[in-house]
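[1] sharing a model prediction with you, sequence too.
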Amino acid sequence: MIEIIPNYDLYGEPRIGSAATGFHIEDIEERSKGLDWVIKPHRHRNLFQILCIFEGKADVQIDSLRHVMKGCSLLSVPAGVVHAFNFQPGSEGVVITLSTENIATVLGQGDADYLRPLIETATVIDLNSKRITQLSQCISMLREEFLAHADRKLSALLLLTKLLLITAKRQVDSQLIATAAIPQHLKTVERFRDLVEKHYKEQWQVNRYAKELNVSTSTLNRMCHKSLDTNAKAIIHDRVILEAKRRLTYTQQPLDQIAYHLGFKDPAYFSRLFKISENISPRDFRKSQQA
């Protein structure tokens, strides 16, 4: 399969420089300055990244969405998500990279449900002064440990990474708590979206998701309408179409292989569904992205 936009480990490198540990940390400037502060669209098949900006700003592309990150903010980038950066020259910050195996270890230490939203969904977090101080201390310890030749180095790096993620998650939670307690329907919808992310390629129907969440189909749809102004089936459909667009845009994978990858038994049905959704055939959509 030929990639139009490459899968990298570290940007511009086919393999992560710290393959033995599956962990890397570097300043934003280290990689970006020599590239005129522009990191072109790419993704990491088996890596999770955390980007922290302390000074300056960046125009960020996450799939088809764009966001401006200013100083004192953090971005989590899950494996497989297409992303790009245009940094303001002189921006200061760090990029932390972990293999998906190491992230699984972090999640396997008893806090999977708490941290999974940051791990599985690209998230931009604006940090207050207290969190900045805490994160700066954590990052300083990560740098020191990364450069050290010490026993249990990887264990220490993963524990410090977990501390960093918990600190970031506390910031997210405090912003929600500051306005109101999180309603139950929002929690259920978030769990539903987590399940969709895991199972959308398996063509689960709405009733299967509802069963996993211990709610009725009608209740799940009502919660989705209340939270997102759409229904459960549309959320599943949109995730499938998003992945189809990614593969049509960033790979030369044949249409039938894309359809099978997304759980369709009939590629022609996939093409019809895509055209109904996007008002353009998959083939023509690919051509429009490559023009």
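    Looks like it arrived, so ask away.

[2] going forward, measure contacts between C-alpha atoms and count neighbours the same way
    Noted.

[3] this structure: strands as residue ranges?
    For the chain, strands defined by DSSP state E occupy the ranges 23-27, 38-42, 47-55, 57-62, 65-70, 73-77, 83-87, 92-99, 123-126.

[4] now the ones you listed as CSV including mean pLDDT and distance to P117?
    Shown next, in CSV, are those (pLDDT from 0 to 100; distance: least, C-alpha to C-alpha, whole Å):
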stretch, mean pLDDT, distance to P117
strand 23-27, 93, 21
strand 38-42, 88, 22
strand 47-55, 92, 13
strand 57-62, 89, 16
strand 65-70, 83, 18
strand 73-77, 90, 10
strand 83-87, 92, 18
strand 92-99, 93, 16
strand 123-126, 86, 8
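
[5] closest to L255 out of these?
    Comparing the strands of the chain by their distance to L255 (C-alpha to C-alpha), the top pick is strand 38-42, with 21.1 Å.

[6] what angle separates the closest one from strand 57-62?
    10 degrees (axes from the mean of the first three to the mean of the last three C-alpha atoms, to 10 degrees).

[7] elements contacting strand 38-42?
    For strand 38-42, the contact count by 3 or more C-alpha pairs under 8 Å, 6 or more residues apart in numbering; DSSP states H and E identifies strand 83-87 as packing neighbours.

[8] elements contacting the strand it packs on?
    If you count contacts as 3+ C-alpha pairs under 8 Å, 6+ apart, strand 83-87 packs onto strand 38-42, strand 57-62.

[9] pLDDT score assigned to S64?
    Note on S64: pLDDT of 70.

[10] for it, phi and psi?
    Main-chain dihedrals, S64, degrees, to the nearest 10: phi -90, psi 0.

[11] neighbours around it, how many?
    Counted with other C-alpha atoms under 10 Å, residues neighbouring S64 total 10.

[12] now it: how far from R193?
    Distance, S64 to R193, using C-alpha to C-alpha, to the nearest Å: 19 Å.

[13] repeat for T251
    26 Å.

[14] over to H42?
    Relative to R193, H42 is positioned 24 Å away (criterion: C-alpha to C-alpha).

[15] with G90 instead?
    Remark: distance between G90 and R193 (C-alpha to C-alpha) = 37 Å.

[16] quick one, which of those two is more surrounded?
    Remark: of G90 and R193, R193 carries more neighbours, 21 against 14, as counted by other C-alpha under 10 Å.

[17] OK, contacts around the more buried one?
    I235 (C-alpha atoms under 8 Å, 6 or more residues apart in numbering).

[18] then I236?
    The contact partners of I236, by C-alpha under 8 Å, 6+ apart, come to 196, 200.

[19] circling back to that earlier point, adding distance to A112, write the strands of the chain out as JSON lines.
    Shown next, in JSON lines, are those (distance: least, C-alpha to C-alpha, whole Å):
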{"stretch": "strand 23-27", "distance to A112": "20"}
{"stretch": "strand 38-42", "distance to A112": "27"}
{"stretch": "strand 47-55", "distance to A112": "15"}
{"stretch": "strand 57-62", "distance to A112": "24"}
{"stretch": "strand 65-70", "distance to A112": "27"}
{"stretch": "strand 73-77", "distance to A112": "16"}
{"stretch": "strand 83-87", "distance to A112": "24"}
{"stretch": "strand 92-99", "distance to A112": "16"}
{"stretch": "strand 123-126", "distance to A112": "16"}
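
[20] as a markdown table, those strands with distance to T217 and mean neighbour count would be great.
    Converted to a markdown table, the strands of the chain look like this (distance: least, C-alpha to C-alpha, whole Å; neighbours: other C-alpha atoms under 10 Å):
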| stretch | distance to T217 | mean neighbour count |
| --- | --- | --- |
| strand 23-27 | 42 | 19 |
| strand 38-42 | 37 | 19 |
| strand 47-55 | 33 | 22 |
| strand 57-62 | 31 | 19 |
| strand 65-70 | 30 | 14 |
| strand 73-77 | 31 | 23 |
| strand 83-87 | 34 | 21 |
| strand 92-99 | 37 | 21 |
| strand 123-126 | 28 | 18 |
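
[21] for N279, which of the ones you listed is the nearest?
    The closest of those to N279 is strand 65-70. By C-alpha to C-alpha, the value is 20.0 Å.

[22] show me how far the lengthiest helix in the chain is from its chain's centre.
    When the chain is parsed with DSSP state H, its longest helix is helix 153-177. In terms of C-alpha atoms, centre = their mean, to the nearest Å, the centre of helix 153-177 is set 16 Å apart from its chain centre.
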